[in-house]
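Visitor: Test case, fold it:
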Amino acid sequence: MKKINLAKTPTPIQFYNSFESNNIYIKRDDLTDLALGGNKVRKLEYFLADAEEKKADCIVTYGSPQSNHCRLTAAAASRQGVKTVLILSKSDKPEFNGNYFLFDLFDVEVVWVDTDNVPQKIEETLLDLKNKGYNPYFIQGGGHGNLGTHAYKVAFDEIIEQQSKKDIEFDYIFHASGTGTTQAGLIAGKTIVNSKIKIVGISVARNSNRGKEVIHESLKEYFNEFHHSIDSFNDQIIFNDSYIGDGYAHIYPEIIDNIKTVAKKSGVLLDPVYTGKAFYGMLSYIDLNKIKDSNVLFIHTGGTPLLFNYANMFKEE
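Guide: Next up, the predicted model:
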């Protein structure tokens, strides 16, 4: 499968600390190099190669005003010399900070949309661009789709190679799970090589039923395209929605405390929307399930700009 080189890989795996007799490691996918990094860079390597093959001269995608996916899509497209149009969900007053500030650096065109009108606005935007003479290429929010799934199948292969070199056998992989293709890709990689590693997605927004459904759909689509025969993935999908709080971007005190602790112990920066919530969820999951004497890998999927966007929440009164 064709890709362009955007990510600095393999990303390093570093020991974080011990927790209840478990060894915790962090895979630094926040260090994929491009525009403060993140897991979307791996996916964009395939999406932009596909766009290039289809001779697209404009990349269109959708997200929130603080979307990590939109930041990295804009950075990648800009680097390739391609126009970017971001369709962003309306916000009363988006702060000119974090990812929203970075959109401006990459000179993107922003189209605002009400959340209940997204599909129609996407169609209208693509048609408008075609009428203006562009050949637009649309990437689903979060890099959803088989190309995004494949990127993390390849990332799983990378982890297997790294653990062999480090003489470590991971028992668990945890990560922040959102649109589902990162988790689907990891499960695909695990399934193909028949690995016993348990993949645990800590939800940042979706409830368990919907989260599992989307991941299962992604896996079916991916395996159908690549001609692997798999009956069911249901027993492979561990998607935990216990740490969402009141929903997406709900930031509660335990997340703030966890981010501060990780920063002090390791110098690794988590964000309060994705990785901070997932890291806190991982430690709680380990505690509640009485996991002992295991090697645990946390994939840091990026999101550093969000830390600055929510800086006021870290200020102690």
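
Visitor: Three-state assignment for Ala76, please.
Guide: helix (DSSP: H, G, I helix; E, B strand; the rest coil).

Visitor: mind listing what it touches?
Guide: Leu6, Leu34, Ala35, Val41, Leu44, Leu48 (CB atoms under 8 Å, 6 or more residues apart in numbering). Backbone N, C-alpha and C define where each C-beta goes, glycine included.

Visitor: Show the residue spans covered by the helices in the chain.
Guide: 40-53, 68-79, 98-105, 118-131, 146-166, 181-192, 208-225, 253-266, 275-288, 304-309 (DSSP state H).

Visitor: So which elements touch the first one?
Guide: Identification of packing neighbours for helix 40-53 by 3 or more CB pairs under 8 Å, 6 or more residues apart in numbering; DSSP states H and E yields helix 68-79, strand 136-139, helix 146-166.

Visitor: Specify the angle between the first one and helix 40-53 in degrees.
Guide: Per axes from the mean of the first three to the mean of the last three CA atoms, to 10 degrees, the angle that helix 68-79 makes with helix 40-53 is 50 degrees.

Visitor: ok, now the last one?
Guide: Taking the same axes, to 10 degrees, one finds that helix 146-166 is oriented at 130 degrees with respect to helix 40-53.

Visitor: hmm, who's touching stretch 82-91?
Guide: Outside stretch 82-91, the residues touching it (CB under 8 Å, 6+ apart) are 48, 51, 56-65, 67, 70, 73-74, 77-78, 103, 106-115, 118, 121-122, 125, 129, 134, 136.

Visitor: in it, what counts as buried?
Guide: For stretch 82-91, a neighbour-count test (16 or more other CB atoms under 10 Å) marks Val82, Lys83, Thr84, Val85, Leu86, Ile87, Leu88, Ser89 as buried.

Visitor: can I get these in JSON lines with pLDDT?
Guide: JSON lines is the format used below for those (pLDDT from 0 to 100):
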{"residue": "Val82", "pLDDT": "97"}
{"residue": "Lys83", "pLDDT": "97"}
{"residue": "Thr84", "pLDDT": "98"}
{"residue": "Val85", "pLDDT": "98"}
{"residue": "Leu86", "pLDDT": "98"}
{"residue": "Ile87", "pLDDT": "98"}
{"residue": "Leu88", "pLDDT": "96"}
{"residue": "Ser89", "pLDDT": "94"}
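
Visitor: Distance-wise, check the residue nearest the centre of the chain relative to Ala278.
Guide: What sits nearest the mean C-alpha location of the chain, by CA atoms, centre = their mean, is Asn39, with 4.7 Å. Going from Asn39 to Ala278 by CB to CB, to the nearest Å gives 12 Å.
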